[in-house]
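Q: Sequence and predicted structure, then a few things I'm wondering about:
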Amino acid sequence: MAKRAAQQEMTFRAHGGKRAGAGRPPKGKRSSERHQVRPPHNPRQPVHITIRVAADISGLRKRDMYMAIREATIATAKREGFRLVHFSIQSNHLHLIIEASSKRAIARGMQGFQISAAKHINRVMTERNGERRQGAVFPDRYHARPLRTPREVRNAIAYVLNNWRRHREDRADFTKSWKLDPYSNAADFPGWKELGDSPFMYRTPASYLPLVTWLPKTWLLRHGWSKHAAISVHEVPG
């Protein structure tokens, strides 16, 4: 009598879930920001945002790039629920401190800023190279860190407005006579230690066109940060 074949157990490949190698691959020398669900946003807390440009884009700290990015700050200023309070332009990345009414407002505000900035930056790159530049200007996700305490806010303001000293941009020939970073809104910040109780702020050249930012509305950015040490124009962020 022939033996009856044993029934084989069938296994199926499961769909969904975390898999090795899944997700957006790293681009360039730096990995992209991890695609995790961003945490809920507390409107009373400012957010420090860092965003990098593509590797082939250089010279952000030039007049033409400054004016291009300034146009994006003008476009962003028109949005409700998203306020750009502090801003600095470094050689290949941007620092922002923002206030927002909701998590959705942050996403929409950053989307609008990036679209506007990319359009103007691509135009500058095209004019520089004589060849139309295409492709993403901001290939990776921006990094966002909520600022929950007065100390965190104080350190973030110092980091953003004095970041040029961290990168030694203050040693460039044309900036040696500047106390403040001309590629930031530092001239609009009234909390510098050197100003003391003076109602006046640092003067800028008549030809200087500032970045368009909002006055802070959250307690942490208006008053809370000042519970800690005053910020000096000479401070080098750690």
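A: Everything's here; your move.
Q: C-alpha from now on. contacts and neighbour counts both.
A: Noted.
Q: what sits against residue 133?
A: With contact taken as CA atoms under 8 Å, 6 or more residues apart in numbering, residue 133 is in contact with 122-123, 125-126.
Q: Would you mind checking the residues you listed for buried ones?
A: Buried by 16 or more other CA atoms under 10 Å: 122-123, 125, out of the contacts of residue 133.
Q: which residues sit in contact with residue 83?
A: 76-77, 98-100, 213-214, 216.
Q: can you list contacts of stretch 53-63?
A: Counting by CA under 8 Å, 6+ apart, 28, 65-66, 89-93, 125, 136-139, 183 sit against stretch 53-63.
Q: Redo those as TSV? Include distance to residue 147 and secondary structure.
A: Below are the contacts of stretch 53-63 laid out as TSV (distance: CA to CA, whole Å; DSSP: H, G, I helix; E, B strand; the rest coil):
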residue	distance to residue 147	secondary structure
28	29	coil
65	29	helix
66	27	helix
89	20	strand
90	21	coil
91	24	coil
92	23	coil
93	20	strand
125	34	helix
136	29	coil
137	27	coil
138	24	coil
139	25	coil
183	23	coil
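Q: Can you name the element that comes right after the helix or strand of the chain with the lowest mean pLDDT?
A: Least confident helix or strand of the chain, by mean pLDDT, DSSP states H and E, is helix 163-166 with a mean of 94. As assigned by DSSP states H and E, the chain's next helix or strand after helix 163-166 is helix 219-222.
Q: quick check, residue 45 in a helix?
A: No: under DSSP: H, G, I helix; E, B strand; the rest coil, residue 45 falls outside any helix and is assigned coil.
Q: where does this protein dip in pLDDT?
A: 1-36, 174 (pLDDT under 70).
Q: how about a cut-off of 50?
A: Residues of the chain that meet the criterion pLDDT under 50 lie in 1-19, 23, 26, 31.
Q: Centre of the chain to the least confident helix or strand of the chain, how far?
A: Its chain's average C-alpha position is 15 Å from that of helix 163-166, according to CA atoms, centre = their mean, to the nearest Å.
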